[in-house]
Each structure stands twice: as C-alpha cells, then as structure tokens.
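Participant: Okay, here's the prediction I keep looking at, along with the sequence it came from:
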Amino acid sequence: MDVTVRRLVVGDAEALRRLRLEALQAAPEAFNSSYEEEAARPFDWFERVATGPDRNAMFGGFHDGALVGMAGFVAGERLKERHKGVLVGVYMQPAFRRRRLARRLVEAVIAHAAQHARVLNATVGADNQSARALYRELGFTTYGTEPQALCVGGRFLATDLIQLDLANHRA
C-alpha cells in the first residue's frame, strides 16, 4: 500500500476529526481524551490542531487521498519548558498497521521536534508491546511508570513515561 506522510494543513481538519474520533472509539485506552469530550468540540478546534500554532505540528499518513494515520508534536510553552515537546495522538487504522506507517509518522514528528526542542516526551500504555517496541527502536527510553494514569470503563491503566533526547538522536 502506497502511503504518503506529510504535515497536515487546515483543509485536513475534517479528515483529522473523523480519524481522531475513530481512534478514540477504537482504542480508548491509548488516549488521555475521550470520544465524548472530543465529539463535542467545535470544528475550529480541529482546524487549529491540524495546522498547529507556532511550533506544534500534526502529521498524517494518506492512502488514496484518505487520512489513515496520524501523529503530532506539541511544544512546551512555558519559558522553563520550551526545550521540551510531547509526541501525541499516534494512531493507524487497523488495515495500515504493521506496514511501518507508525514508524514513518513518528520519525516525521521526531524530525520536526528536533528543530524546536531538545527533549521529546510521550506516554505509552504499559501493556502496549508493539508501540513500546517501536519507541524503543527509535531511541526512546522509559523513565517511569504512572500506575493509575487512565480510567477506562472502570479499569485503571498504567502508562509508561518515555523520552527521546533529541540532542543525541540520529534519525
């Protein structure tokens, strides 16, 4: 399957909204937000996410013009935290998993983040072995675990806190 990876633009907001809501329904344990919260957001919120203010960016994987995967970067805003950013919103539609799309999207985020930050942080479900393996291969290290990070359907889920030192990273 031929998939193009590129930074999203304002015209991608509707596709981003659809994919984001799909992700929140399909994998609620993978996101801090919920379907209900984001379905209620106004459309212009998705436009802002798609275009990313300032240093922020959202990347998408497109197959035949359809958005099938996503990953984003949110830069630290506070003066003392501007050296950091966060990898957010990583999701692939099931048909596009295990085809290196997640790797390509996260690599796009890393390349962008390296221009704007020294450290890239992320969280990953402690039981999400495939995602943890990908992040490890890309150079992320685990620096902690939050035991009850999320509550999904009455179940408490742990997340690993991971970090990539962009100053020493070779993409």
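Facilitator: Yep, it's here.
Participant: C-alpha only now, for contacts and for neighbours.
Facilitator: Will do.
Participant: show me where the chain has strands.
Facilitator: For the chain, the strands defined by DSSP state E cover 4-7, 57-63, 66-75, 84-92, 119-125, 141-152, 155-165.
Participant: of all the ones you listed, which lies closest to Ala50?
Facilitator: strand 57-63 (5.8 Å; Cα to Cα).
Participant: how about the closest one: buried residues?
Facilitator: Buried residues in strand 57-63, counted by 16 or more other Cα atoms under 10 Å: 57-62.
Participant: next one: stretch 117-134
Facilitator: Result for stretch 117-134 [16+ other Cα under 10 Å]: buried residues 117-126, 131-132.
Participant: hang on, the earlier thing: now the strands of the chain as a markdown table including distance to Arg99?
Facilitator: Output for these, formatted as a markdown table (distance: least, Cα to Cα, whole Å):
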| stretch | distance to Arg99 |
| --- | --- |
| strand 4-7 | 13 |
| strand 57-63 | 12 |
| strand 66-75 | 11 |
| strand 84-92 | 10 |
| strand 119-125 | 20 |
| strand 141-152 | 23 |
| strand 155-165 | 23 |
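Participant: Let me know which of those strands is the nearest to Ala39.
Facilitator: Closest among these, using Cα to Cα: strand 84-92, at 15.3 Å.
Participant: Could you pull out the buried residues of that closest one?
Facilitator: 84-92.
Participant: and stretch 150-158, how far apart are its ends?
Facilitator: 7 Å (Cα to Cα, to the nearest Å).
Participant: Number the chain from 17, please
Facilitator: Got it, first residue is 17 now, which makes that one stretch 166-174.
Participant: quick check, distance from that stretch to the centre of its chain.
Facilitator: 20 Å (Cα atoms, centre = their mean, to the nearest Å).
Participant: Please apply the same query to stretch 57-71.
Facilitator: Worked out by Cα atoms, centre = their mean, stretch 57-71 lies 15 Å from the chain centre.
Participant: residues in contact with that stretch?
Facilitator: 24-30, 32-33, 73-74, 90-91, 132 (Cα atoms under 8 Å, 6 or more residues apart in numbering).
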